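Enquirer: sequence and predicted model, in that order:
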Amino acid sequence: MRLYASRPDRRLAQVLADVGVLAWVVLWVLVARTVHRAVLVLAEPGRAVEDLGESVAESMGSAASAAEDVPVVGDELSAPFESLGDAAGSVSGAGQAAQDAVGTLATVLAVVLVVLPVGWLLLRWLPWRLRWVREASAVARLADGAAPDLDLLAARAVATAPLPRLAALPAGTGAAWRAGDPAAVRALAALEAGRLGLRLPAPDGPGSGATAPPLSG
């Protein structure tokens with residue numbers, strides 16, 4: 001499987017694109033972390049309320065226990081303290097609920113800040129990258145090996161190559177290709193490989209297209 005082109009300029013463009021995608025992902029992950037931490041600061045009041053409620057509930061619980069030890073009227077004396085303790089427990093629960101809500105908000109915002117921009121870029125970059133890898137790997141399978149099948153690449157070039165690229169080939173290339181001339185086949189195959197920024201392997205010997213013009217652009 002080929003990941004990058006053979007031609008230096010095309011390979012540099014691919015590497016820069018890949019590095020750009022990685023940098024984009026890292027950037028938005030850092031932004032999401034910063035926003036997450038900033039939003040979590042809003043949980044401090046809720047934490048303070050929770051601590052206060054727990055402290056008051058603990059104090060009221062101690063007071064109620066002490067009041068219960070008073071002879072005869074202990075139960076009556078402890079009741080108000082127990083009520084205050086219950087109220088303080090409710091306040092503590094409200095503080096915890098506020099912290100949970102802020103934590104959920106921080107997480108959702110962080111996820112959105114990563115998923116939306118990164119997903120948008122991946123939807124544009126990934127199909128383009130995978131399509132190139134598939135086509136380049138197919139070219140490599142056809143062009144490499146002991147018996148390369150350049151005729152298919154040549155036929156693809158005849159069918160899909162831009163007319164200016166075809167017109168730039170030596171005169172008579174089309175007729176020579178129809179006649180099965182190896183040099184013409186190789187020239188057209190090189191044109192198709194060049195569309196992906198690839199170079200054909202060097203010919204093995206006479207009759208393999210060694211006289212074909214060099215691969216361009």
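Expert: Received it, and whenever you're ready, just let me know what you need.

Enquirer: tell me the domain boundaries of this protein?
Expert: Domain segmentation of the chain under automatic domain parsing yields 1-137, 144-217.

Enquirer: comparing those, which comes out most buried?
Expert: domain 144-217 (a mean of 16; mean count of other C-beta atoms under 10 Å). Any C-beta I mention is one placed from the backbone N, CA and C, and that applies to glycine too.

Enquirer: nearest residue to residue 188 in space, please, no chain neighbours.
Expert: residue 154 (3.6 Å; C-beta to C-beta, 6 or more residues apart in numbering).

Enquirer: pretty sure the one you found sits against residue 192.
Expert: Yes. If you go by C-beta atoms under 8 Å, residue 154 and residue 192 touch, sitting 7.2 Å apart.

Enquirer: rank the domains of the chain by pLDDT, which is bottom?
Expert: Here the lowest mean pLDDT among the domains of the chain goes to domain 144-217, at a mean of 76.

Enquirer: pull the distance from that one to the chain's centre.
Expert: Taking the mean of its C-alpha atoms, domain 144-217 sits 37 Å from the chain's own mean (C-alpha atoms, centre = their mean, to the nearest Å).

Enquirer: cool, and stretch 124-139?
Expert: 16 Å.

Enquirer: with stretch 98-114 instead?
Expert: Distance, centroid of stretch 98-114 to centroid of chain: 21 Å (C-alpha atoms, centre = their mean).

Enquirer: returning to that earlier point: check contacts around the residue nearest to residue 188.
Expert: Contacts for residue 154 (C-beta atoms under 8 Å, 6 or more residues apart in numbering) come out as 177, 184-189, 192.

Enquirer: determine which two of the residues you listed are furthest apart.
Expert: 184 and 192 (13.2 Å; C-beta to C-beta).

Enquirer: packing partners for the longest helix along the chain?
Expert: Ranked by number of residues, the top helix in the chain under DSSP state H is helix 74-143. For helix 74-143, the elements it packs on are helix 8-40, helix 44-68, helix 150-160, helix 182-195, judged by 3 or more C-beta pairs under 8 Å, 6 or more residues apart in numbering; DSSP states H and E.

Enquirer: quick one: which of these is nearest residue 114?
Expert: Nearest of those (C-beta to C-beta): helix 8-40, 4.8 Å.

Enquirer: packing partners of the closest one?
Expert: Using 3+ C-beta pairs under 8 Å, 6+ apart, helix 8-40 sits against helix 74-143.

Enquirer: tell me what angle the helix it packs on forms with helix 182-195.
Expert: 160 degrees (axes from the mean of the first three to the mean of the last three C-alpha atoms, to 10 degrees).

Enquirer: angle of helix 74-143 against helix 150-160?
Expert: Going by the same axes, to 10 degrees, helix 74-143 makes 100 degrees with helix 150-160.
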